[in-house]
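J.: okay, sequence plus prediction incoming.
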Amino acid sequence: MTKTCLIVDDSRVMRKVAMRIVEQLDFEGVEAADGMEALTYCRAAMPDAVLLDWTMPMMDGMAFLQALRQEPGGKAPIVIFCAAETEPAKIRQAIDAGADEYIMKPFDGDIIAAKFEETGLI
Amino acid sequence: MSPEDFSYVADLVRTEAGVVLTSDKVFFLDTRLGPLARREKEAGVDALIARLRSQPTASRIQAVVEAALVPETRFFRNRSAFQTLADLSLPELVKRRGDKGLRILSAGCSSGQEAYSLAILVQESLPQTPTEIVAIDYSRRSLEKARAGLYSHFEVQRGLPIRRLLDNFEKVDENWRASAALRSKIVWSEANLLSDLSGLGQFDVILCRNVLNSFAPAVATACLERLEGRLAADGLLMLGVDEGLILPASFKPEAASGLYRRNVAFVREVKMA
């Protein structure tokens, strides 16, 4: 069965870029523009992977991650932050909050593929 | 690039480094030499080669050959082989060596990702074992970069899990530098794999990956013989995926892809003869 990847980012351009990459990795991509929208999606159907921006309106990436991990079945998805934040202390916060991996923007297809491999998604 | 210029450079690369550039590599060579032409303030690649042909000094030759050779590299390339090293091979060797510790060779280390990957493994799985990692390469430029341990945002995201990045690197402006602890585990040395390597001493593990497959077969065999001479009788050799085909009968494969052990039976036969 095709695995799904939820792409959470408030930038439409960024979502399109990520969408193209995950589709090349044989994932079905789904989009959400903020954490709230993403959480609603997850409550209906848990994705296999989440590519998660940090800074977003309504609900940011960190708040989404903490809420997701409290949901029934919410520990299952592989969550990979994909954010502009590159300060080591901040990145460590994201990992400590339950993210499986972290991609620093800007990224390319090769990096997403490498991180999917590291987390066992492919 | 004219066919004449291409074969001129290809000849240099073959005689200097033993690497064969087939004619389908014209575009590849052109893009590799572009940055060098800019650094040398030449009008372009053609002008760079024209200058080289009229005044082929040793430093010009080395610069062109190095630029032609810069390979793609990433951290923990072929992860499963590294995992086997950490879980099985290194602990087993440590048990036999005791306090003597281990010596590991990264042969053709390029810009250092392989050597730093090894240093991370050793730090994580054998923190008590004194280990020396020796990394050699033909390219002075690559070695300078490797020794500095400074990698771009893009480079550190290829093969390096985020925890290992945070634990072993520090952020310097937009780049990431390997920690002093990691850097202190590695000795860098400029050496050609086609030259005498006996000065390097003996090693328990030798990694030589994605180097041999660019060599002409006779050169690859000669290089393997030199490396075999540096490997302990119970040592391990790690090649790139699919590079084992050229191995002599004196090696046999280990379980994991890319890992080989000296064939003890074979060694004994030779000794008796």
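T.: Looks like it came in fine. Just so we're clear, the structure is a prediction, and the values are computed from it rather than from any experiment.
J.: all strands of the stretch 151-273 of chain B, in order?
T.: In the stretch 151-273 of chain B, the segments counted as strands under DSSP state E, counting those that start in this stretch are B:169-172, B:175-178, B:186-190, B:203-208, B:231-239, B:251-253, B:259-262.
J.: which strands or helices does the worst-scoring helix or strand of chain A on mean pLDDT pack on?
T.: The weakest-scoring helix or strand in chain A, judged by mean pLDDT, DSSP states H and E, is helix A:109-118 (a mean of 91). Here helix A:109-118 touches helix A:12-24, strand A:101-104, going by 3 or more Cβ pairs under 8 Å, 6 or more residues apart in numbering or on different chains; DSSP states H and E. Bear in mind the C-beta positions are built from the backbone N, C-alpha and C, glycine included.
J.: so is the residue positioned nearest the centre of chain A in a helix, a strand, or just coil?
T.: Relative to the mean C-alpha position of chain A, the nearest C-alpha, by Cα atoms, centre = their mean, is the one of A:Leu51, at 1.8 Å. At A:Leu51 the chain is in strand, as set by DSSP: H, G, I helix; E, B strand; the rest coil.
J.: next one: stretch A:37-54 to chain centre, how far?
T.: 8 Å (Cα atoms, centre = their mean, to the nearest Å).
J.: need the distance between the two termini of it.
T.: 14 Å (Cα to Cα, to the nearest Å).
J.: is it positioned near chain B?
T.: No - contact of stretch A:37-54 with chain B (Cβ under 8 Å from any Cβ of the partner chain) is absent, the minimum separation being 13.3 Å.
J.: how near is B:Ser89 to B:Leu143?
T.: According to Cβ to Cβ, to the nearest Å, B:Ser89 stands 26 Å off from B:Leu143.
J.: follow-up on the earlier one: weakest of the helices and strands packed on helix A:109-118 by average pLDDT?
T.: Of all the helices and strands packed on helix A:109-118, mean pLDDT reaches its minimum on helix A:12-24 (a mean of 94).
J.: residues in contact with residue 77?
T.: In the absence of a named chain, chain A is used. Contact partners of A:Pro77, counting by Cβ atoms under 8 Å, 6 or more residues apart in numbering or on different chains, are A:Leu6, A:Cys42, A:Met46, A:Pro47, A:Asp48, A:Ala49, A:Val50, A:Leu68.
J.: other chain: chain B
T.: Taking Cβ under 8 Å, 6+ apart as the test, what B:Arg77 contacts is B:Gln113, B:Glu114, B:Ser117, B:Gly159, B:Arg209, B:Asn210, B:Gly240.
J.: buried among those residues? Need that as a selection in ChimeraX.
T.: Selection of the buried residues among those in ChimeraX, burial being defined by 16 or more other Cβ atoms under 10 Å in any protein chain shown:
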select /B:113,114,117,159,209,210,240
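J.: and of the contacts of B:Arg77, the nearest to chain A?
T.: Of all these, B:Gly159 has the smallest distance to chain A: 5.9 Å, by Cβ to the nearest Cβ.
J.: and the spatially closest residue to B:Arg177 that is not a sequence neighbour, its phi and psi?
T.: Taking Cβ to Cβ, 6 or more residues apart in numbering or on different chains, and ignoring the residues beside it in sequence, B:Arg177 has B:Leu150 as its nearest neighbour in space, at 5.0 Å. Dihedral pair for B:Leu150: phi -110, psi 120, per degrees, to the nearest 10.
J.: which residues touch B:Phe203?
T.: B:Arg103, B:Ile104, B:Leu105, B:Val134, B:Arg230, B:Leu231, B:Ala232, B:Gly235.
J.: who in chain B is up against chain A?
T.: Counting by Cβ under 8 Å from any Cβ, chain B sits next to chain A at B:74, B:79, B:153-154, B:157-159, B:161-163, B:166, B:170-171, B:174.
J.: just say which of the strands of the stretch 151-273 of chain B is most tucked in.
T.: Of all these, strand B:203-208 has the most neighbours on average by mean count of other Cβ atoms under 10 Å in any protein chain shown, namely a mean of 24.
J.: who does it pair up with?
T.: Looking at strand B:203-208 with DSSP bridges, its partner strands are strand B:102-107 (parallel), strand B:231-239 (parallel).
J.: list of residues touching the longest one?
T.: It refers to strand B:231-239. Counting by Cβ under 8 Å, 6+ apart, B:81, B:85, B:89, B:93, B:96, B:202-209, B:212, B:227-228, B:247, B:251, B:254, B:258-262, B:264, B:267 sit against strand B:231-239.
J.: do the same with the first one
T.: With Cβ under 8 Å, 6+ apart as the contact definition, strand B:102-107 has outside contacts at B:90, B:93-94, B:114-115, B:118, B:122, B:126, B:129-136, B:193, B:200-208, B:211, B:227, B:230.
J.: okay, now the unreliable bits of chain B?
T.: Applying pLDDT under 70 to chain B flags the ranges B:70-72, B:256-257, B:265-273.
J.: OK, contacts around the residue nearest to B:Arg177?
T.: By Cβ under 8 Å, 6+ apart, the neighbours of B:Leu150 are B:Val172, B:Asn175, B:Trp176, B:Arg177, B:Ala178.
J.: dump those to JSON lines, plus distance to B:Ala37.
T.: Listed next are those as JSON lines, based on distance: Cβ to Cβ, whole Å:
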{"residue": "B:Val172", "distance to B:Ala37": "29"}
{"residue": "B:Asn175", "distance to B:Ala37": "25"}
{"residue": "B:Trp176", "distance to B:Ala37": "29"}
{"residue": "B:Arg177", "distance to B:Ala37": "29"}
{"residue": "B:Ala178", "distance to B:Ala37": "31"}
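J.: which one of the residues you listed sits closest to A:Ile111?
T.: B:Trp176 (13.9 Å; Cβ to Cβ).
J.: ok, the closest one to A:Asp110 distance?
T.: The value you get for B:Trp176 to A:Asp110, if Cβ to Cβ is used, is 17 Å.
J.: how about A:Gly73?
T.: 31 Å.
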